[in-house]
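Q: Okay, here's the prediction I keep looking at, along with the sequence it came from:
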Amino acid sequence: MTTKKIDVPSIKITEICDALPDLIYTERVIEKSNNYEQYLIDSKSLYDDEKSTMELDKDYKPHMKKIYSQRFSNNSYSAPYKFYKSIRSAQKSCPYCNIYTHQVTQLDHFFPKSKFPSLSITPVNLVPICTDCNSKKSETYSINKSEMFIHPYFDEFVKNPFEYIKCKVVEEPVIGFKFYIKKLDEWDDCQFKRICFHFQRLNLENIYRTYFEDDFQAFIFEIKEIFNDGGETIAKRNIQRKMNSYKQSNSSPWLYAGYNAILESNWFFSEYLVNLNI
């Protein structure tokens, strides 16, 4: 998937606040946390409020930064750290890219803590993430909703990746592949722009292509042999079988998309395989 829908943490913000006796802005943190889903719809009001508060209270942002880095995510403070650890360990692979080899190593602040200090310890704002995605996502934020990343806890519209992750074969002597997002009928323009933004900013097109090309290079020897021995129909049947395994296991939709592109390419069978010398 471009991203994976995961379960919302069951931890309550009041539990975390209770474990942080040094927290000064408890009431504000609880209030903003409780309105989190509303800010996903309209974040500008929160952004303006946070900006104003940081300008009026110079201790606000440094304090919340300290609470997160020196208390909440510090294993020397076992009471708050158990919540940090619980959220981070809830997923093994990164839900932002959903690549099984990209292991979760950190927590991402969906709304960056540099701009939204009140949400720095809010459970639903903390998403397990791999190092690569966290580096690319960084502190990116826009009040333009079409330029928001997909939220792994809340965005249901990305749940059918086999329908929207697509690939086309680049018909050159050295075969190539291009991955892209197909707009589904049920998506509005904003949803489509968001998933494309997510796809581009995390460089998923290149990542998916690399993973597919590695798999393809190992599989092409088998397909060439099957094609030579049994012809196009048998070769296609084996490719379809491979595709079915990904769909049935609900894994690696980019591999499914790549092989589907091959299956639908007349050029691949009439020219590429015929002329391939391996």
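A: Yep, it's here.

Q: ok, how many other residues are close to the spatially closest residue to residue 189 that is not a sequence neighbour?
A: Leaving aside its chain neighbours, residue 189 sits nearest to residue 146 (7.6 Å; criterion: Cβ to Cβ, 6 or more residues apart in numbering). All C-beta atoms are positioned from the backbone trio N, CA, C, and that covers glycine. Close neighbours of residue 146, defined as other Cβ atoms under 10 Å, add up to 15.

Q: low-scoring pLDDT stretches of the protein, where are they?
A: Within the chain, the ranges that satisfy pLDDT under 70 run 1-3.

Q: in it, what residue sits furthest out from the centroid?
A: residue 229 (41.4 Å; Cα atoms, centre = their mean).

Q: For my notes, confirm residue 141 occurs in a strand.
A: No - membership of residue 141 in a strand is not supported by DSSP: H, G, I helix; E, B strand; the rest coil, which gives coil.

Q: ok now do it, which residues does it touch?
A: By Cβ atoms under 8 Å, 6 or more residues apart in numbering, the residues touching residue 141 are 111, 112, 115, 148.

Q: quick one: secondary structure of residue 166?
A: Classified using three-state DSSP, residue 166 is strand.

Q: With the one 3 residues further on instead?
A: When states are read from three-state DSSP, the local structure at residue 169 comes out as strand.

Q: Tell me how far the residue nearest to residue 189 lies from residue 193.
A: Applying Cβ to Cβ, to the nearest Å, the value for residue 146 to residue 193 is 4 Å.

Q: now residue 111
A: 19 Å.

Q: Pull the residues that contact stretch 169-176.
A: Contacts for stretch 169-176 (Cβ under 8 Å, 6+ apart): 177, 178, 261, 262, 265, 267, 268, 271, 272.

Q: Could you double-check that the residue nearest to residue 189 sits in contact with residue 195?
A: No - using Cβ atoms under 8 Å as the test, residue 146 is too far from residue 195 to be in contact (10.0 Å).

Q: Pull out the buried residues from whichever helix or strand residue 39 is part of.
A: Following DSSP states H and E, one finds residue 39 within helix 36-41. Buried residues in helix 36-41, counted by 16 or more other Cβ atoms under 10 Å: 36, 39, 40.

Q: Give me the helices and strands touching that helix, please.
A: Packing partners of helix 36-41 (3 or more Cβ pairs under 8 Å, 6 or more residues apart in numbering; DSSP states H and E): none among the helices and strands.

Q: Now do it: distance to the chain's middle.
A: 19 Å (Cα atoms, centre = their mean, to the nearest Å).

Q: immediately after that helix, which helix or strand?
A: helix 44-56.

Q: Who are the packing partners of the next helix or strand after that next one?
A: Downstream of helix 44-56, the first helix or strand assigned by DSSP H and E is helix 60-66. With contacts taken as 3+ Cβ pairs under 8 Å, 6+ apart, helix 60-66 sits against helix 44-56.

Q: Apart from its neighbours in sequence, what residue is nearest residue 216?
A: residue 258 (6.7 Å).

Q: so how far is residue 226 from that neighbour?
A: For residue 258, the distance to residue 226 - Cβ to Cβ - is 18 Å.
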